[in-house]
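Undergrad: Prediction below, plus the sequence it came from.
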Amino acid sequence: MTRAIVFDHVACGVRRTADIAMLLERDLGARAYRGGPGPGFRGRQWTFAGEGKLELIEPDGEPGGFLHRFIEAGGPRIHHVTFKVSDIHDSRTRAEALGYDVVGFRDDSPAWKECFLHPKQAGGIVVQMAEADASIEDDDWQPFAAVFDGCAPRRAVLAGARLVSRSRDRSRRCWCELLGATVEAAGADEEIFRWPDSPLMLRVIYDEHARREGATALELTGFAAPLPEALPALLGTNFLQL
């Protein structure tokens, strides 16, 4: 049985986080959390009501990096989902036993160890598994100052992400067998996957004839006001208000 796995955040690859930060903070009430550098990118995270986290990553460094290529190929959009695991080596072993080709394995930092599933094997989205040691200070990622000079009175809840998949069996192997989700609601053409210690969920829409698999939207609750008109284009994904 998979233990201590938490759906930690959804990450979007964008051209510039500075173009989006004000809209998240002022109009959706998101709170600045942590940010810092990574290999070929810079990232920032915001928390929403309910503590769901959205991460924005923008290209950094010389052209030709993975995020440059990602955005050039399809524009800004959801890039990955991140799951905190208790043992990165065990997670890699279990993934490989289920037939996944694990890539990008790194365990050189005691504060953050990670590996990835390729989107071709994970239903069209990058899956990051990470072992984080909260007792070790991560000097690279630190709290950052909010852009909006105030406190928005309304706070949206980031409920999770919506995906399209051609295969129910393949989705359950990834989200349940490997990553420990439970199926909260199952219908003829969709399922909701949840993790006990996470505020985020995945809603998977099944369509065996789908032209493309992967993430299609972010879902919000508790927010009735109109969304900023520029936000979907800057993120490259729709927000669905439930």
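TA: That came through fine. Residues are numbered from 1 along each chain as shown.

Undergrad: Residues in a beta bridge with Glu58, which ones?
TA: Following DSSP bridges, Glu58 is listed with bridge partners Arg42.

Undergrad: list the contacts for it?
TA: By Cβ atoms under 8 Å, 6 or more residues apart in numbering, the contact set of Glu58 is 13-17, 41-43, 67. C-beta here means a position set from N, CA and C on the backbone, and glycine is covered the same way.

Undergrad: For Val81, state which of those is nearest.
TA: Of all these, Val81 sits closest to Gly13, with 12.7 Å by Cβ to Cβ.

Undergrad: number of nearby residues for the closest one?
TA: Neighbours of Gly13 under the rule other Cβ atoms under 10 Å: 26.

Undergrad: got the contact list for it?
TA: 41, 57-58, 67, 70-71, 76-79, 236.

Undergrad: ok, back up a step: could you flag which of the contacts of Glu58 are buried?
TA: Buried by 16 or more other Cβ atoms under 10 Å: 13-14, 17, 41-43, 67, out of these.

Undergrad: need the next SSE after the helix or strand of the chain with the lowest mean pLDDT, C-terminal direction.
TA: The least trusted helix or strand in the chain, going by mean pLDDT, DSSP states H and E, turns out to be strand 182-186, with a mean of 90. Where DSSP states H and E defines the elements, the next helix or strand beyond strand 182-186 is strand 190-194.

Undergrad: so how far is that following strand from its chain's centroid?
TA: Computed by Cα atoms, centre = their mean, to the nearest Å, the separation of strand 190-194 from the middle of its chain amounts to 16 Å.
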